[in-house]
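Participant: model this:
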Amino acid sequence: MERVAITGATGFVGRYVVKELLNRGYQVYALVRNAKKVRDIFPDGVDALEVDFSDKDSLRKALEKVQPHYVIHLIGILVEDRRSGSTFQRVHYLYAKNLYEILRELSPKRVVHMSALGTHKDAPSLYHQTKFMAEEFLKTSGLKYTILRPSLILGPEQRLFADMWNITKYLRVVALPGGGGYLFQPVDVRDVACAFVSAMEKEEAVNKTYELCGPDRVSFKELLEDIFSRWNRKVLLLPVPKIFMYIAGKVAEKVLSPPPFSSDQMLMMWRDNICGLDKDVESDGVRKLCNKEPIPYKESLEWSLKEFAKRMV
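Facilitator: Numbering: from 1, shown residues only. Next up, the predicted model:
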């Protein structure tokens with residue numbers, strides 16, 4: 001049985017990737033900070049190894065024990081929490097760099113790396129800049145790799161649902177940065193999980209970068225309208241210039257840790273979050289890697305919100 005080491009196994013995407021790995025018969029080893037959390041989520045079939053991702057000796061000890069055939073690296077954050085030391089530079093770049101330096105000594109068959117759509121050398125946000133740094137380090141590491149860049153991922157655990165649910169319970173007003181015209185191409189988390197495991201297996205995916213998108217382009221305003229319609233909530237969507245949201249994010253970062261939104265998130269909207277804008281990478285990743293049509297937006301959102309509602313009962 002082939003062994004897969006995975007980081008971020010207890011996160012939103014990680015849970016689905018682990019399930020996909022188990023369904024395909026792999027032995028899964030979760031590299032985590034808290035082994036108990038793994039045992040609570042996955043009672044059977046997953047071995048947990050506690051590691052400190054900032055400590056290369058800790059990583060080396062765990063990886064030498066596992067001797068993985070494949071490695072999937074999913075760790076990432078959307079908002080910095082500087083008081084706890086959880087920064088983009090640390091989580092996106094340093095953790096990846098430490099992991100890949102150790103893996104050079106072990107030579108796994110493949111490393112599959114979670115990046116993000118919008119990652120580019122010219123991106124203005126620190127989020128995307130550090131994602132790009134991690135990609136570039138992996139490309140020069142000598143390891144066989146596949147990099148995946150998903151758009152907005154839909155699933156019951158999508159943080160946006162919980163945020164909007166909690167905010168609009170009390171305040172039926174939501175700010176729309178720039179009027180909400182920013183486009184996503186949402187991709188279902190089940191398709192993302194399929195793409196990660198399939199990328200690990202396919203020889204034609206070696207040393208390539210794939211974008212992961214669904215078939216439909218949706219504006220931020222349309223997405224929120226669809227969510228609130230499903231919840232039967234009347235919410236005022238208030239257009240706010242991005243510069244005002246950027247300044248509000250700066251203020252929130254000073255007062256709250258972590259903040260509900262950040263100035264960097266406004267910079268992430270430097271261009272639409274859709275596939276096909278970068279010609280040097282593979283678009284249409286779900287179809288190419290999973291040999292299937294991606295799940296349509298409406299179907300994915302309906303499933304996501306139905307499962308999300310069960311968690312709110």
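Participant: strands of the stretch 101-250 of the chain, start to end?
Facilitator: Listed in chain order, the strands of the stretch 101-250 of the chain (DSSP state E, counting those that start in this stretch) span 110-114, 145-150, 153-154, 173-177, 183-184, 187-188, 208-212, 218-219, 236-240.
Participant: neighbours of Arg15, how many?
Facilitator: Look at Arg15: counted by other Cβ atoms under 10 Å, it has 18 neighbours. (Each C-beta comes from the backbone N, C-alpha and C, glycine too.)
Participant: surely it touches Leu21?
Facilitator: No: with contact defined as Cβ atoms under 8 Å, Arg15 does not count as touching Leu21 (11.0 Å).
Participant: check contacts around Lys310.
Facilitator: Lys310 makes contact with Pro156, according to Cβ atoms under 8 Å, 6 or more residues apart in numbering.
Participant: tell me the spacing between it and Lys121.
Facilitator: 42 Å (Cβ to Cβ, to the nearest Å).
Participant: same check on Ala5?
Facilitator: Distance, Ala5 to Lys121, using Cβ to Cβ: 29 Å.
Participant: show the contacting residues for the nearest residue to Leu223 once chain neighbours are set aside.
Facilitator: Nearest non-adjacent residue to Leu223, counting by Cβ to Cβ, 6 or more residues apart in numbering: Phe184, 6.6 Å away. Listed by Cβ under 8 Å, 6+ apart, the contact partners of Phe184 are 151-152, 217-220, 223, 272-274.
Participant: which one of those is nearest Pro43?
Facilitator: Proximity of the contacts of Phe184 to Pro43 (Cβ to Cβ) peaks at Leu152, which lies at 30.5 Å.
Participant: wouldn't the closest one be in contact with Pro186 here?
Facilitator: Yes: taking contacts as Cβ under 8 Å, Leu152 lies within contact range of Pro186: 4.8 Å.
Participant: which of those two has more residues huddled nearby?
Facilitator: Applying other Cβ under 10 Å to Leu152 and Pro186 shows that Pro186 carries more neighbours, namely 25 against 19.
Participant: quick check: that one touching Tyr297?
Facilitator: Yes: with contact defined as Cβ under 8 Å, Pro186 and Tyr297 form a contacting pair (5.5 Å).
Participant: overlap in contacts of those two?
Facilitator: What both Pro186 and Tyr297 touch, as defined by Cβ under 8 Å, 6+ apart, is the set 154, 214, 216, 218.
Participant: neighbours around the second one, how many?
Facilitator: Meaning Gly214. Neighbours around Gly214, by other Cβ under 10 Å: 28.
Participant: for it, report the pLDDT, please.
Facilitator: If you check Gly214, the pLDDT there is 98.
Participant: which ones are touching it?
Facilitator: Contact analysis of Gly214 by Cβ under 8 Å, 6+ apart lists 151, 154, 185-188, 191, 286, 294-297, 300.
Participant: let's see that with 7 Å instead.
Facilitator: With contact taken as Cβ atoms under 7 Å, 6 or more residues apart in numbering, Gly214 is in contact with 185-188, 294-297, 300.
Participant: do the same with the last one
Facilitator: When contacts are counted by Cβ under 7 Å, 6+ apart, Val218 is found next to 183-184, 186, 297.
Participant: ok, now with 8 Å
Facilitator: Val218 touches 183-186, 226, 297, counting by Cβ under 8 Å, 6+ apart.
Participant: can you tell me how far Glu135 is from Glu203?
Facilitator: Noted for Glu135: a distance of 21 Å to Glu203, by Cβ to Cβ.
Participant: the more surrounded of those two?
Facilitator: Glu135 (23 against 8).
Participant: right, and that one touches Ser115 too?
Facilitator: Yes: counting by Cβ under 8 Å, Glu135 touches Ser115, with 5.6 Å between them.
Participant: shared neighbours of the two, anything?
Facilitator: Joint contacts of Glu135 and Ser115 (Cβ under 8 Å, 6+ apart) are 147, 209.
Participant: what about the longest helix along the chain, distance to the chain center?
Facilitator: Determined from DSSP state H, the single longest helix within the chain is helix 297-312. Centroid separation for helix 297-312 versus its chain: 18 Å, with Cα atoms, centre = their mean, to the nearest Å.
Participant: over to stretch 54-72?
Facilitator: The chain centroid and the centroid of stretch 54-72 are separated by 21 Å under Cα atoms, centre = their mean.
Participant: surely Lys56 meets Glu101?
Facilitator: Yes: Lys56 is within contact range of Glu101, at 6.7 Å (criterion: Cβ under 8 Å).
Participant: may I see the buried residues of stretch 169-188?
Facilitator: 174, 176-178, 180, 182-188 (16 or more other Cβ atoms under 10 Å).
Participant: and that stretch, C-alpha only, in CSV?
Facilitator: The C-alpha trace of stretch 169-188 is given here as CSV (Å, rounded to 0.1, in the frame of the first residue of the first chain):
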residue,chain,number,x,y,z
LYS,A,169,-28.4,37.2,12.0
TYR,A,170,-28.1,40.6,13.6
LEU,A,171,-27.2,43.1,10.9
ARG,A,172,-29.0,42.8,7.5
VAL,A,173,-26.5,44.9,5.7
VAL,A,174,-23.4,43.6,3.9
ALA,A,175,-20.7,45.8,2.2
LEU,A,176,-19.9,45.0,-1.4
PRO,A,177,-16.3,46.0,-2.3
GLY,A,178,-16.3,47.9,-5.6
GLY,A,179,-20.0,47.2,-6.0
GLY,A,180,-19.6,43.4,-6.0
GLY,A,181,-18.8,43.0,-9.6
TYR,A,182,-15.6,41.0,-8.9
LEU,A,183,-15.9,37.6,-10.6
PHE,A,184,-15.3,34.1,-9.2
GLN,A,185,-15.4,30.8,-11.0
PRO,A,186,-16.4,28.6,-8.0
VAL,A,187,-15.2,25.1,-7.9
ASP,A,188,-16.7,22.3,-5.8
